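Chemist: Give the three-dimensional model of this entry:
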Amino acid sequence: MAVAAVSAGLRGDTRTAAVSPEAAAAAQNVRVTELAVQDLRKSFSGVAVLKGVGFRVAAGEAVALIGANGSGKSTLLRCCLRLLEPDAGRVELLGEDVGRLQRAALRRARARVGFVFQRHNLVPRLSALSNVLHGVQARRGGPRCWFQSLARREDREEALHCLDMVGLADQAAQRADTLSGGQSQRVAIARALMQRPRLVFADEPVASLDPAAGEEVMELFVRLMRDEGVTLLFTSHHLRHALDYGDRLIALASGVKVMDAPTAGQSLEALKSVYA
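Modeler: The predicted structure is shown next:
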């Protein structure tokens, strides 16, 4: 965004001084912060689950969030979207202070964020295409978006394109409850793409799949996010996935951030200490 603004300024004002090669290179390396979390805290029934967690995610990054069960990973994702209300702290999402947003503004902010769940969350009796069309609901709203027979032609075409991107265009008319686990998660990914998100949260996106399907879906998922230029924050117990598909690792232990480092140079053995 910063680079585009600089370029537009140069084109629109011939009086602007020439930009040095060093400044141009620095502009190319500017990365907008898509998510900034500061001192986030959350307790349930007096038990602290998040204890002052803070981090930043830059545009285009794929960040893996790891930690043992109960470390606070899923709670953290949900607090970032105010699906759970944090007790304290600040979340800035796509340039907006989430804690200050009222209902309509919060809906608009959430509409720019895709969420891929472990259990797919498809509507079983509806077709794969209708489930993908649900992704446009956040952008446009209205009951006509929910069924393929009532959707606008351009929305159906976009939903079919999203299914094609995940290799399921030939299953568009298939009921969701007849799909395999891997196919269901592909439909969930297509639905997230249908939102045209800037940022995607994924909570253990392949944990419910067998190893072969999980590997295939994870590779597809991350490749599509990168191809579309979408920022990604995903939780995983699969350390190999965290290393292979993340640019950066954030590790939680008992609600505290204990690691925030690039994946490059990290080893499986070192990461296992997070679970000790």
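
Chemist: looking at it, residue 34 is touching residue 59, isn't it?
Modeler: Yes. Using CB atoms under 8 Å, residue 34 is in contact with residue 59, at 5.1 Å. No exception for glycine: its C-beta is placed from N, CA and C like everyone else's.

Chemist: Spit out the residues that contact those two alike.
Modeler: Listed contacts common to residue 34 and residue 59 are 198, 231; contacts here mean CB atoms under 8 Å, 6 or more residues apart in numbering.

Chemist: how would you label residue 264: helix, strand or coil?
Modeler: Here residue 264 is recorded as coil under DSSP: H, G, I helix; E, B strand; the rest coil.

Chemist: That one: neighbouring residues, count only.
Modeler: 8 (other CB atoms under 10 Å).

Chemist: Could you give the backbone dihedrals for the nearest residue to residue 174 once chain neighbours are set aside?
Modeler: Distance criterion CB to CB, 6 or more residues apart in numbering; nearest residue to residue 174, sequence neighbours excluded, is residue 128 at 5.4 Å. With angles defined as degrees, to the nearest 10, residue 128 sits at phi -60, psi -40.

Chemist: residue contacts, residue 128?
Modeler: Contacts of residue 128 by CB under 8 Å, 6+ apart are 163, 168, 171, 172, 173, 174, 175, 176, 179, 183, 187, 190.

Chemist: what do you get for residue 213?
Modeler: Per CB under 8 Å, 6+ apart, neighbours of residue 213: 180, 181, 182, 206.

Chemist: Could you dump those into TSV with pLDDT, distance to residue 52 and secondary structure added?
Modeler: TSV is the format used below for the contacts of residue 213 (pLDDT from 0 to 100; distance: CB to CB, whole Å; DSSP: H, G, I helix; E, B strand; the rest coil):
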residue	pLDDT	distance to residue 52	secondary structure
180	94	42	coil
181	91	37	helix
182	93	38	helix
206	91	30	coil
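
Chemist: Filter those down to just the buried residues.
Modeler: 181, 182, 206 (16 or more other CB atoms under 10 Å).

Chemist: hmm, who's touching stretch 241-248?
Modeler: By CB under 8 Å, 6+ apart, stretch 241-248 touches 61-64, 66, 206, 218-219, 222, 234, 236, 249, 260-263, 266, 268, 271.

Chemist: repeat that for 10 Å
Modeler: Under the criterion CB atoms under 10 Å, 6 or more residues apart in numbering, residues 55, 57-58, 60-66, 205-206, 214-215, 218-219, 221-223, 225-226, 232-236, 238, 249-251, 259-264, 266-268, 271 lie in contact with stretch 241-248.
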